[in-house]
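K.L.:
Build me a model:
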Amino acid sequence: MEIINRTPISATQPDTAAVPAPKTRSLPFLIGLGLFGLGLTAALNILDPFIYTEKVRLLAPPALKNSALSLITITTLVVALFAQPLIGQWSDRSRTRWGRRFPFLLAGVTGLTLALALVVSAGSLWLLLLAVALISLSSNTVQGPWQALVPDRVPAAQHGAMAGLKTVLESIGVVIGVGLAGFTLARGHLWAAPLAIIGLLWLILWLTGRLLKTPAPTAEIFSARLDSPLALLKLNLSHLPPAFPWWMANRLLFWAAAISIRTFLLNYLEDALGLSPAETQALSSQVILVLGAGVFLFVLPAGAMADRIGRRPLLVVAGLLAAIGAVLFIFVREVNLLFVAGGFIAAGAGIFASASWALATDIVPKEESALYLGLANIATVVGSISGRLGGPLIDGLNNLTATTVGYSVVFGLAALFFVGSSVVVLKIQERKEGN
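P.N.:
Numbering: from 1, shown residues only. Got it, this is the predicted structure:
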């Protein structure tokens, strides 16, 4: 089914590629376009682990609290796996008087407002699970169309810089979310952080609308392709850009390796280094802080360099640097050297964050950018799941050998995954601007 728009498309798409983009965008414009990265990251970080853990403590039987938290994580990942590409292709094919993207940003922020209120007020575990699913659906309703604004509105020569700014803003969002949740929950205020985030999201939505200069309505309210979403998805998958599967392989391998090290680092420090639980908590937080600081320091220079020398060389370097860090984690037993290992991974992750996202915005078809950036999220989700599958392998090998060899095996696999991410990116042919 299709509803035909009676007005020219160019008159109804203020936030798409139909608006000619200048050769360069100003720094305030790029920062404004990236603000949803800050808002969404802040929203998710007040929830996971803080509010989710508190709600599970209140609603789940004590013996099942870890299982309940796992169920929440799986629910968010499964919803994200399907929601973002389907919503992305809907956004690509929509024709509204407010453009292809803004209606979905509005719908997503509205859904997040309702979902955050439902999370806080949920009186049963199943209602909490419903709220979590709505959180994931709503955040992904924003995510795909928002990310598609970059190929829509930013010249390809600035995609690297935009990727760096996006990562910096997301890092600030982490600090805001963690700090806000910790401060308010410590004082017993469960509603405070969600209300603050709701206000922040609506402010960002208003600023984004102003930035896109959405014109006043001139014709029909809505017009969109309403063909079968699955049929459209199948059609689009049959016309994937040749570089896109290799990009997804690169992201999946790198992300799975990084998640595996981050997930099992705390237990590794306790079991392999013989630290006490208190020492483990303190040291792991310091190592993770080094990782975060390293990423923050590298993303902007890496983004600028990606615009100068290309994305592919930086992705090769990122995988190799992170692989060195993973190998060091296998052999290092000196606490100070752990920070060196963490530094290599941080450098690789910072370079990867900028170059990977910049390359994605380069290779996706501009007219269907929300769909393909939504599909890109599948690599992140599958990588997140894969990185956590090392737990049974670690426990099995450690119990079988009465040693801590399981950690060495998993960290070794992580190093191979990092190297693999560098290898597969060599199959990608970068598209030059204007092609």
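
K.L.:
separation between residue 402 and residue 45?
P.N.:
In this view, residue 402 and residue 45 are 39 Å apart by C-beta to C-beta, to the nearest Å. From N, CA and C alone the C-beta is placed, and that goes for glycine too.

K.L.:
Who has more neighbours out of these two?
P.N.:
residue 45 (23 against 7; other C-beta atoms under 10 Å).

K.L.:
For the more buried one, give its distance to residue 171.
P.N.:
11 Å.

K.L.:
How are the strands of the stretch 51-200 of the chain distributed by residue range?
P.N.:
94-96 (DSSP state E, counting those that start in this stretch).

K.L.:
remind me which residues of it are low pLDDT?
P.N.:
63, 65-67, 70 (pLDDT under 70).

K.L.:
what ranges do the helices span in it?
P.N.:
52-59, 65-93, 102-121, 125-153, 159-186, 192-212 (DSSP state H, counting those that start in this stretch).

K.L.:
what helix or strand does residue 293 sit in?
P.N.:
helix 277-309 (DSSP states H and E).

K.L.:
Can you give me the distance of residue 429 to residue 186?
P.N.:
Distance from residue 429 to residue 186, by C-beta to C-beta: 52 Å.

K.L.:
Please state the offset of the helix or strand hosting residue 269 from the chain centre?
P.N.:
Element membership of residue 269, judged by DSSP H and E, is helix 243-272. Relative to the centre of its chain, helix 243-272 is centred 14 Å away, using C-alpha atoms, centre = their mean, to the nearest Å.

K.L.:
list the buried ones in it?
P.N.:
By neighbour count on 16 or more other C-beta atoms under 10 Å, the buried set for helix 243-272 is 243-244, 246-272.

K.L.:
Could you do stretch 43-60 as well?
P.N.:
Buried, per 16+ other C-beta under 10 Å, within stretch 43-60: 43-48, 50-53, 55-56, 59-60.

K.L.:
Give me the residues contacting that stretch.
P.N.:
65, 68-69, 72-73, 76, 112, 116, 119-120, 122-125, 128, 132, 135, 139, 173-174, 176-178, 180-182, 185, 190, 193-194, 197, 201 (C-beta atoms under 8 Å, 6 or more residues apart in numbering).

K.L.:
Which ChimeraX command selects the buried ones in these?
P.N.:
Buried members of these, defined by 16+ other C-beta under 10 Å, are picked up in ChimeraX with:
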select :68,69,72,73,76,112,116,119,120,122,125,128,132,135,139,173,174,176,177,180,181,185,190,193,194,197,201
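
K.L.:
Tell me which residues touch the closest residue to residue 314 other than its chain neighbours, please.
P.N.:
Using C-beta to C-beta, 6 or more residues apart in numbering and skipping residues adjacent in sequence, the residue nearest residue 314 is residue 355, 4.0 Å away. With contacts defined as C-beta under 8 Å, 6+ apart, residue 355 is in contact with 160, 163, 302, 303, 306, 311, 314, 315, 318.

K.L.:
In ChimeraX, select just the buried ones from these.
P.N.:
In ChimeraX syntax, the buried subset of the contacts of residue 355 is picked out as below (16+ other C-beta under 10 Å):
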select :160,163,302,303,306,311,314,315,318
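
K.L.:
Out of the contacts of residue 355, the closest to residue 409 would be?
P.N.:
For the contacts of residue 355, the residue nearest residue 409 by C-beta to C-beta is residue 318; the value is 23.4 Å.

K.L.:
Surely that closest one touches residue 346?
P.N.:
No. Contact status for residue 318 versus residue 346: not in contact, 10.8 Å apart, counting by C-beta atoms under 8 Å.

K.L.:
Check which helices and strands the helix holding residue 269 sits against.
P.N.:
Other helices and strands packing on helix 243-272, by 3 or more C-beta pairs under 8 Å, 6 or more residues apart in numbering; DSSP states H and E, are helix 277-309, helix 312-331, helix 335-363, helix 369-387, helix 390-401, helix 405-424.

K.L.:
domain parsing for this protein?
P.N.:
10-217+228-237, 243-427 (automatic domain parsing).

K.L.:
burial of residue 111, as a residue count?
P.N.:
18.

K.L.:
ok, back up a step: what confidence value was assigned to the residue nearest to residue 314?
P.N.:
At residue 355, the model reports a pLDDT of 87.

K.L.:
Roughly how far does it sit from residue 244?
P.N.:
Where residue 244 is concerned, residue 355 sits at a distance of 16 Å (C-beta to C-beta).

K.L.:
With residue 209 instead?
P.N.:
30 Å.

K.L.:
same question, residue 410
P.N.:
Counting by C-beta to C-beta, the gap from residue 410 to residue 244 is 29 Å.

K.L.:
go on, residue 160?
P.N.:
Distance from residue 160 to residue 244, by C-beta to C-beta: 18 Å.

K.L.:
Quick one: work out the angle between the helix holding residue 269 and helix 369-387.
P.N.:
30 degrees (axes from the mean of the first three to the mean of the last three C-alpha atoms, to 10 degrees).

K.L.:
could you give the mean pLDDT of helix 243-272?
P.N.:
For helix 243-272, the per-residue pLDDT averages 84.

K.L.:
now do stretch 331-340
P.N.:
81.

K.L.:
List the buried residues for that stretch?
P.N.:
Quick answer for stretch 331-340 (16+ other C-beta under 10 Å): 332, 338, 339.

K.L.:
CA atoms only: put that stretch into CSV for me.
P.N.:
Output in CSV follows, covering the C-alpha atoms of stretch 331-340 (Å, rounded to 0.1, in the frame of the first residue of the first chain):
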residue,chain,number,x,y,z
PHE,A,331,51.5,-12.4,29.8
VAL,A,332,51.6,-9.4,32.1
ARG,A,333,51.4,-10.0,35.9
GLU,A,334,52.8,-6.6,37.0
VAL,A,335,50.1,-4.2,37.9
ASN,A,336,51.8,-1.1,36.3
LEU,A,337,52.1,-2.9,33.0
LEU,A,338,48.4,-3.5,33.0
PHE,A,339,48.0,0.2,32.3
VAL,A,340,50.3,-0.1,29.3
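
K.L.:
May I have the phi/psi pair for residue 334?
P.N.:
Dihedral angles phi and psi of residue 334 (degrees, to the nearest 10) take the values phi -100, psi 130.

K.L.:
which residues touch it?
P.N.:
Per C-beta under 8 Å, 6+ apart, neighbours of residue 334: none.

K.L.:
go on, residue 393?
P.N.:
406, 409, 410.

K.L.:
measure the first one to residue 274 for me?
P.N.:
When C-beta to C-beta is applied, the distance between residue 406 and residue 274 equals 16 Å.

K.L.:
which of the two has more neighbours?
P.N.:
residue 406 (25 against 11).

K.L.:
Hmm, the more buried one is touching residue 395, no?
P.N.:
Yes. Applying C-beta under 8 Å, one finds residue 406 in contact with residue 395, separated by 6.7 Å.
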